[in-house]
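> show me the folded form of this:
(chains A and B)
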Amino acid sequence: MSTITSAPRSRRSDGARRRARTEATSGLLFSLPAILFVVVLFIVPLVLAAWMSLNDWPLIGDPSFNAPDNYVAISNNKLFMDSVLFTLKYTAVVTVIFLAVALGLALLVQSTRPGVGLFRTAFLLPAAVGVASSALLFYAMYNNDYGPLDDVLRALGLISGDADFLGTPNAAFASTVLMVTWRFAGFYMIVLLTGLQAIPVEVYEASRMDGASWWQTLRLITLPLLKPTILLVLVLSVTGSLLAFEPFYVLTAGGPSNSTVTMVIAMFREAFTLFDLGSAAAIAMVILVALVAINLGQMYAFRDKDKK
Amino acid sequence: MRNPSRRPSTYLVGLMLGALALTACSADPAESSETPTGGAQQPITMWARAATASQSQALVDAWNAENDRKVELTVVPTDNYLQKVGVAAGSNDLPCLMASDVIYMPNFLDKNLYVDIAERIEALGFADTLAQGHIRLSSDGDAVYGVPHNVSVSAIFQNDVLLEQAGIDPAKELGSLEELAENAAKVAALGDDIDGLYYTGNNAGSISFTHFPAIWASGGQAISADGTESLLNSKESVAVFDVFNKMFSTGASPASVRNESGATRNEVFGSGKVGYVLASNSVVQTVPETDGLKIGVQGIPGVGGGVSGYVGGDSIGITVSCGDVDAAWEFLSWTLSEEAQVGVYAQMNQLTVRSDLAENEFAQADPRVVRLNELVGLGDTPKALNYGQTFNDPNGPALAVLRDAMFGADAKTALDAGNDAITSSLGG
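Below is the predicted model of the structure:
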């Protein structure tokens, strides 16, 4: 009896296995382009950078293995060590500002009233300008002999005498933060706006029925339901800010007195000013590990604790 | 049930991957790194940086219009130039002809990237008229590996309209740096929005370009002859920076020079509210004159007299990867000929790399260009293996020291305190 019944079962399972195998093969074939893409554009450069970081690698000339000298040298690289603290400070400041300004703008243009499209476009428009171009635009505006900003602020009575937008460490930092806020706040506004519009209207109606105030609605309805989008904004902002380069490179070149050198500027200097690719690669690996750790930390902190 | 593996899309994916693999494996052996570039009848390959590409392109176009053996110019973004050379040098994929910012020639010579063309240059018959700073930076002992490809020179550009308003004769040659300071103060006194002297004060490369000539004109040197020692704390250098320091502290130079990286320097001068600007010859070519701005040119004077200029620009040589050195030289020697220098460069209002062609027919139409051409002959170019690393480093010691000398309390204190750090960066 058992032999009679087991034969068709075996045939069925053989067929299922074959189908599973061919499906797996097809799946692999379909994903091969993506795999190739990742290997060629991510894995290979990463491995190369890791190998480079273990070598004394001049821009022109033959590399020689010198591990772990490049990593040891990082701790003696005062410019880079100072840049770590500065970059963390910059990241913390701009992330808070991005979130506050972008959320404010998103709440402003959340409802579909007449003319709101104009404001959405106006707020988003700076995001269409390249970061380096934006920095150059602000650089010209911050020049008292060329740009109008100084005159405008004086005419409004906000300053007396000459403004010095880039001359002191604090002024250079604030001027750069203003520029990146102008450039990025609109982009984050759009990201938050998509999150806001995904919140069902019924929830707001229910909160109104319960007599919730605007503040209570924001605190107890909007922000909790916006958490995944806020996480996305945080990850994007923190990652982007830790890798900040163009705004400072164009506006301040790391000055005055190296007070605005970011980690990437310090890395860039090792590679393309001092022509020491090995040291630059070692710094890049350290930044990469730190970035992965910080992003993992963010995701852990914002994980859904109610998930079963 | 239909077998998924036989779906047309599966075949399509397989086909695409096959094509990809074939493409990857079908590189032309002629392009392999083992083959020297510029073999017989192949175009002569050439690289130039974007910053000066318009001049290279004009020469190449003029040559290609008249010759069967073409030159193929690749314009490389200026900021990526060294990286591209580095990668190509490692795989013996350099072009036949490679132009370079002249200050990096010692680096390329150090890596043996060029072939010696000393005898060919000597045979030209006008070798001594070529910009000598370029030749010096392209030389190692008796061997010469490059010739000037294009030149730029630093000078003082003045707004004749403002000078006249301040009671200064624009035609009178500046006798000294002190006289420049006096005149700048007079111009600045014209009004709150008028500046006496403007320059790039937040870029060590630019500061060396515009301020070192004042040291040379004063009879001193900024760095030692072997390029390993900073002489910026010498008495001539201290005297020069002291004049600039006083101009800044007294308002003859505006506060904004401290933050000027060079990006808006010509625009500020173009506003017509600046008496003098220290800049490159690009001012004459790019800043339009208006009713309130008539541009005059002066050499950069030193303390107590003298005049000089920093001769920058690009040098060019034949690389060790070149398969046809004779053909490459044929083009290169033509670029130095009167036909190219006058017929191409001078016609487009550019400076000539030969001092004997300074007063050519096109330059004579604009006395300012004649003066700039003369300054190329009078000027110098400092030679140091680590010049770029030292003076093009916005985060290195040189910029901090030079800024402190110009904008701090005292030039001598700043230069004495920072000189060793600059020497260390130069490799001394």
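> drop to CA atoms for contacts and neighbour counts, all remaining ones
Will do.
> how does the chain divide up, domain by domain?
Defaulting to chain A. Using automatic domain parsing, the domain parsing of chain A gives A:2-52, A:78-301.
> hmm, no, I was thinking of chain B.
Here the domain parsing of chain B from automatic domain parsing is B:44-152+B:312-378, B:154-310+B:384-426.
> so which of these is nearest chain A?
Ranking these by proximity to chain A (CA to the nearest CA) places domain B:44-152+B:312-378 first, at 4.5 Å.
> tell me if the closest one is near chain A.
Yes - contact of domain B:44-152+B:312-378 with chain A (CA under 8 Å from any CA of the partner chain) involves B:82-83, B:85-87, B:89-90, B:111.
> show me which of those are buried.
Taking 16 or more other CA atoms under 10 Å in any protein chain shown as the criterion, what is buried in the residues of domain B:44-152+B:312-378 next to chain A is B:82-83, B:85-86, B:89.
> closest one of these to residue A:88?
residue B:83 (29.4 Å; CA to CA).
> thinking again about what came up before, which of the buried ones among the residues of domain B:44-152+B:312-378 next to chain A fall in helices?
Using DSSP state H, the subset of these located in helices is B:82-83, B:85-86, B:89.
> now tell me what touches the helix or strand where residue B:208 lies from outside.
For residue B:208, the host element (DSSP states H and E) is helix B:204-217. By CA atoms under 8 Å, 6 or more residues apart in numbering or on different chains, the surrounding residues in contact with helix B:204-217 are B:154-155, B:177, B:200-201, B:221-222, B:236-237, B:240, B:262, B:278-279, B:300-303, B:305-310, B:312, B:379-380, B:388, B:391-394, B:398-399, B:402.
> among these, which are in strands?
B:154-155, B:278-279, B:300-302, B:305-308, B:312 (DSSP state E).
> could I get those as CSV with pLDDT and neighbour count?
Shown next, in CSV, are those (pLDDT from 0 to 100; neighbours: other CA atoms under 10 Å in any protein chain shown):
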residue, pLDDT, neighbour count
B:154, 97, 30
B:155, 97, 31
B:278, 98, 26
B:279, 97, 25
B:300, 98, 31
B:301, 98, 29
B:302, 98, 30
B:305, 96, 17
B:306, 96, 20
B:307, 97, 25
B:308, 96, 28
B:312, 96, 25
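> state the pair within the residues you listed that is farthest apart.
Checking the ones in strands among the contacts of helix B:204-217 with CA to CA, the most distant pair is B:305 and B:312, at 22.7 Å.
> all strands of the chain, in order?
In the absence of a named chain, this looks at chain A. A:55-56, A:64-65.
> the intended chain is chain B.
Using DSSP E, strands in chain B cover B:44-49, B:71-76, B:97-101, B:139-140, B:143-144, B:147-159, B:195-198, B:274-280, B:295-298, B:300-302, B:305-308, B:311-318.
> so in that sheet, which strands flank the fifth one, and in what orientation?
Spelled out, it's strand B:143-144. strand B:139-140 (antiparallel) (DSSP bridges).
> output the domains of chain B as TSV; include the columns distance to residue A:157.
Below are these laid out as TSV (distance: least, CA to CA, whole Å):
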stretch	distance to residue A:157
domain B:44-152+B:312-378	42
domain B:154-310+B:384-426	18
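> what's around residue A:21, how many residues?
Burial measure for residue A:21: 13 neighbouring residues, criterion other CA atoms under 10 Å in any protein chain shown.
> now do the contacts for residue B:298.
Residues in contact with residue B:298 (CA under 8 Å, 6+ apart) are B:155-158, B:173-174, B:371.
> mind giving me the PyMOL command for buried ones among these?
Selection of buried members from the contacts of residue B:298 for PyMOL, criterion 16+ other CA under 10 Å:
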select buried, chain B and resi 155+156+157+158+174+371
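> could you dump the contacts of residue B:298 to a markdown table with distance to residue B:190?
Shown next, in a markdown table, are those (distance: CA to CA, whole Å):
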| residue | distance to residue B:190 |
| --- | --- |
| B:155 | 23 |
| B:156 | 20 |
| B:157 | 18 |
| B:158 | 15 |
| B:173 | 21 |
| B:174 | 20 |
| B:371 | 28 |
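> spell out which parts of the stretch 51-200 of chain A neighbour chain B.
Where the stretch 51-200 of chain A comes near chain B, counting by CA under 8 Å from any CA, the residues are A:59-62, A:140, A:143-146, A:164, A:166-167.
> any of the residues you listed buried? List them.
Buried by 16+ other CA under 10 Å: A:59-60, A:140, A:143-146, A:164, A:166-167, out of these.
> get me the contact residues on the stretch 151-300 of chain B for chain A.
B:193, B:256, B:258-260, B:264, B:267-268, B:271.
> please report how far the residue of chain A found nearest chain B lies from residue B:239.
Nearest to chain B, among the residues of chain A, is residue A:60, at 4.5 Å (CA to the nearest CA). Going from residue A:60 to residue B:239 by CA to CA, to the nearest Å gives 39 Å.
> try residue A:203
75 Å.
> what does residue A:126 give?
From residue A:126 to residue B:239 the distance is 47 Å (CA to CA).
> which of the residues of the stretch 151-300 of chain B next to chain A has the largest number of neighbours?
Busiest of those [other CA under 10 Å] is residue B:259, holding 26 neighbours.
> and for the residue nearest to that one when sequence neighbours are not counted, the neighbour number?
Among residues not flanking residue B:259 along the chain, residue B:202 sits closest, at 5.4 Å (CA to CA, 6 or more residues apart in numbering or on different chains). By the criterion of other CA under 10 Å, residue B:202 has 24 neighbours.
> thought residue B:202 was touching residue B:263?
No - here residue B:202 does not reach residue B:263: they are 10.4 Å apart, not a contact under CA atoms under 8 Å.
> quick one: buried residues of stretch B:276-289?
Within stretch B:276-289, the residues that qualify as buried are B:276-281, B:283-284, B:287, counting by 16+ other CA under 10 Å.
> same question for stretch A:225-238.
In stretch A:225-238, counting by 16+ other CA under 10 Å, buried: A:225-235, A:237-238.
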